[in-house]
Structures are given as structure tokens and as C-alpha cells.
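Colleague: fold the following.
(one chain, ligands or ions: 1)
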Amino acid sequence: MTDAATVERLRARVTGRVDVDAPLAPLTTFRVGGPADVMVEAETEDDLRAVAELRGDLPIAIVGRGSNLLVSDDGFRGIAIRLGRGFRDHERTDDGLVFGGAVQLPAGARLTARYGLTGFEFAAEIPATFGGAVRMNAGAHGRSMSDVLAWTDVIDLASGDGRRVTVADLGYAYRHSELRPLDLVTRGEIVLAPDDGSAVGERIASFLRWRRENQPPGRSAGSVFKNPPDDSAGRLIDAAGMKGARAGGAQVSPVHANFIVAGPDATATDVWTLIAAMRSAVVRTSGVELEPEVRFLGAFPEVEGWLRVVET
Ligand code: EPU
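Modeller: Now for the predicted structure:
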């Protein structure tokens, strides 16, 4: 448990909210899981430096849109941190736009239509913050952040040090960057080309239509697993006969086999159990060991043949 003195010191330094025993479920799209011992909503870079300085030995978890995150039912014994409104700004530059880390990608994509800029339409259907998308090289329709990003500013919450990283130094690959575990993305610039705003708007609308027609509504975290090289996780899980399978209140979507939809009574353990079952069904039927795209926070029960993940 986080000691009261640390919380008091955080409250004295941080300009944003500092909450104790703060529910994390509402901050995720699965809407399951327990609380964080402490939740900090940072409004300034100094707030971030304060957390780095005052955290002591406490684990830190960076929470973005929560659209790719499964929080354990037992919650998180440490400090969860998210960016507040102070990081939701944007600025037009000669080459494109600078976005703050808390900008929501769909809102960012709509802005590009307003400015008459093309290249970021794919982001319209990704429920992520800009910072989360930079970290994991989020993408859709064959494009990803690596195609548009010029640089990103990060603050390493392990040390409090800030630095600018150019796209060439991010080590970008499919859904992967080489950012350090506690590098928090505060802003970044994307490079875009001029275009007719209404044409950009139409392409955004067609991507949103595609998503509505091909991906299930409801409480999910998008794709559960990354696609393996030259294949598709959805196809493999489907071929393994797992479409529609249930664990407690969680179900493999009958619409798309790489999605888990959490019902009203679902727990994080249900989702976790189903993820493990999907993975082992695919190992059994095709020999492929799928790698999760979803991140895990907190402690989860041990499942035979499945990695035990406790990520902080
Ligand atoms: N498929 C099946 N059965 C299913 C689902 C899919 O056989 O139940 C087959 C489809 O027929 C298709 C192939 O699998 O041939 C790929 O499916 P889809 O076109 O739906 O794309 P995806 O690879 O599953 C990827 C991203 C999505 C992104 C879409 C659109 C990954 C892991 N997923 O999905 O990203 O929205 O392309 O660009 O790369 C996310 O990352 O959370 C996410 C939703």
C-alpha cells in the first residue's frame, strides 16, 4: 500500500488531481479490473517530474485511453498516471501538426480535415491517445504512426529526464517501439501534406464505416493479439474454433475472432482466462504462438502453458 506521506508530498507538488484507491475500470474500454493505490492526473511537465522524484520504490503505470489495457481484478499496487487537459493541445506547424500526448486520435484526425491536411485519416478509427499511439506504433489500413511521426518528446518517469526522440531512433516495427517502459510521451509532430478538407473528411467517414461493419461494438480492447508475420490472428483463432467461446462474462466476438467483448458481469479474470484459452487453442491447431497486443496491469492467476504477466 502506498504510504500517506508520499500521497501528501504528491498533493503538495502536483497541480493535477491525486486520488487514492482510484478505480481504473472506468478508464479502460474493457471496463473491468480493480483500483490503483494512487492515481495522478498530470497537467504539466513539472507534475510528471514531481511523480518521478517522489515515487520512491513504487511501481508506475502509464494509462492512456485504456483501449489496450487489461487491469487485474486486484488492481494495481502503485501509482497510475495519466495526462490531463493540459496535454490535449495542438499546434499547426510548417510541416503538419504537433499534438499533445492526451489528444484523442479520432479528434486529431478530424482536425487534419479542418486544416486541409492528408496522411492521418487512418487514425480516425483508433480509440487511443496520441501518446499511447506513439508508444505502440498504432495503425490501421496499412498505415501506422511510423509513417507520419517526425519526433516525440518524452519524460522518463524513472529519472524525470526529458528528451526528444526522432522517428528514426524510435526503433519502430509493427505495433512496437523501443521507448523505455516509463517513457511518457508528452507531445509529438506528425508530417502531413495539403489536401482538400472535404476529401480528407470523406476518407475518414469511409474508415469509420469500415470499422462499424467489420468490428464488434461493445466493451473490447480491439485486437487481443498482434498479427503473426504473413498471417492474421483473427483467422487463426477463428480456424481454431474459438469464435463465440465464453469464459464467465467474457466472449470471443462472433463478429471478429481477435476481439473479446466483456459483458456486464465480466471480470478481468474472465478476460484473462479467455485470452489464455484462445492462445492455447491456436498453438494446438496451428502451432503458432500468438503474442498479445493487449497490455496487462497488476497480478493475474497462473495459467498452465501461458506466460504470467505482471507489468508495471
Ligand atoms: N478473419 C477471419 N475470422 C475472423 C476475423 C478475421 O477469418 O473472425 C480474417 C479476415 O477474413 C481477414 C483477416 O482475418 O482476411 C484479417 O482480418 P481484418 O481485415 O479484420 O484485420 P485484422 O488483421 O484482424 C487489423 C488490425 C486492426 C485494424 C484493422 C484494419 C492488428 C492486430 N489488427 O485487424 O487493429 O483496425 O487491421 O486496419 O493488426 C487493433 O490494433 O486493436 C485493431 C483493431
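
Colleague: residue contacts, the nearest residue to G142 once chain neighbours are set aside?
Modeller: Spatial nearest neighbour of G142, excluding adjacent residues (C-beta to C-beta, 6 or more residues apart in numbering): F122 at 7.9 Å. Bear in mind the C-beta positions are built from the backbone N, C-alpha and C, glycine included. Contacts for F122 (C-beta atoms under 8 Å, 6 or more residues apart in numbering) come out as A109, G139, A140, H141, G142, R143, S144, F207.

Colleague: ok, the second one to F120 distance?
Modeller: Here the distance between G139 and F120 works out to 11 Å (C-beta to C-beta, to the nearest Å).

Colleague: who has more neighbours, those two?
Modeller: Neighbours were counted for G139 and for F120 using other C-beta atoms under 10 Å; F120 has more, 26 against 17.

Colleague: give me the phi and psi angles of the residue nearest to T15 when sequence neighbours are not counted.
Modeller: Leaving aside its sequence neighbours, T15 sits nearest to E43 (C-beta to C-beta, 6+ apart; 5.0 Å). Per-residue torsions, E43: phi -110, psi -20 (degrees, to the nearest 10).

Colleague: quick one: pLDDT of E43?
Modeller: Looking at E43, its pLDDT stands at 98.

Colleague: count the neighbours of it for me.
Modeller: By other C-beta under 10 Å, 18 other residues sit near E43.

Colleague: show me what contacts it?
Modeller: With C-beta under 8 Å, 6+ apart, E43 has these contacts: T15, G16, G84, R85, G86, F87.

Colleague: ok, now S72?
Modeller: By C-beta under 8 Å, 6+ apart, the contact set of S72 is G33, G34, A268, W272, F296, L297, G298, A299, F300.

Colleague: ok, so of those residues, who is nearest the ligand?
Modeller: F296 (15.2 Å; C-beta to the nearest ligand atom).

Colleague: now, which of the contacts of F122 lie close to the ligand?
Modeller: When C-beta under 6 Å from any ligand atom is applied, the members of the contacts of F122 adjacent to the ligand are A140, H141.

Colleague: now A262, nearest residue through space, not along the chain?
Modeller: Counting by C-beta to C-beta, 6+ apart, R219 is the residue found nearest to A262 once chain neighbours are left out, at 4.2 Å.

Colleague: circling back to that earlier point, quick one, which of the contacts of F122 are buried?
Modeller: Neighbour-count burial (16 or more other C-beta atoms under 10 Å) applied to the contacts of F122 gives A109, G139, A140, S144, F207.

Colleague: what's the pLDDT at the fourth one?
Modeller: According to the prediction, S144 has pLDDT 98.

Colleague: need the contact list for it.
Modeller: Counting by C-beta under 8 Å, 6+ apart, S144 touches F122, N137, A138, Y172, Y174, R175.

Colleague: now, the contacts of F122 that are in helices?
Modeller: Using DSSP state H, A109, F207 are the members of these that sit in helices.

Colleague: out of the contacts of F122, name the ones that lie in strands.
Modeller: The members of the contacts of F122 that map onto strands under DSSP state E are G139, A140, R143, S144.

Colleague: which one of the residues you listed sits closest to the ligand?
Modeller: When the ones in strands among the contacts of F122 are compared against the ligand (criterion: C-beta to the nearest ligand atom), the nearest one is A140, at 3.7 Å.

Colleague: for that closest one, which non-adjacent residue is spatially closest?
Modeller: Among residues not flanking A140 along the chain, F122 sits closest, at 4.7 Å (C-beta to C-beta, 6+ apart).

Colleague: what helix or strand is R82 on?
Modeller: Element membership for R82, per DSSP states H and E: strand 76-83.
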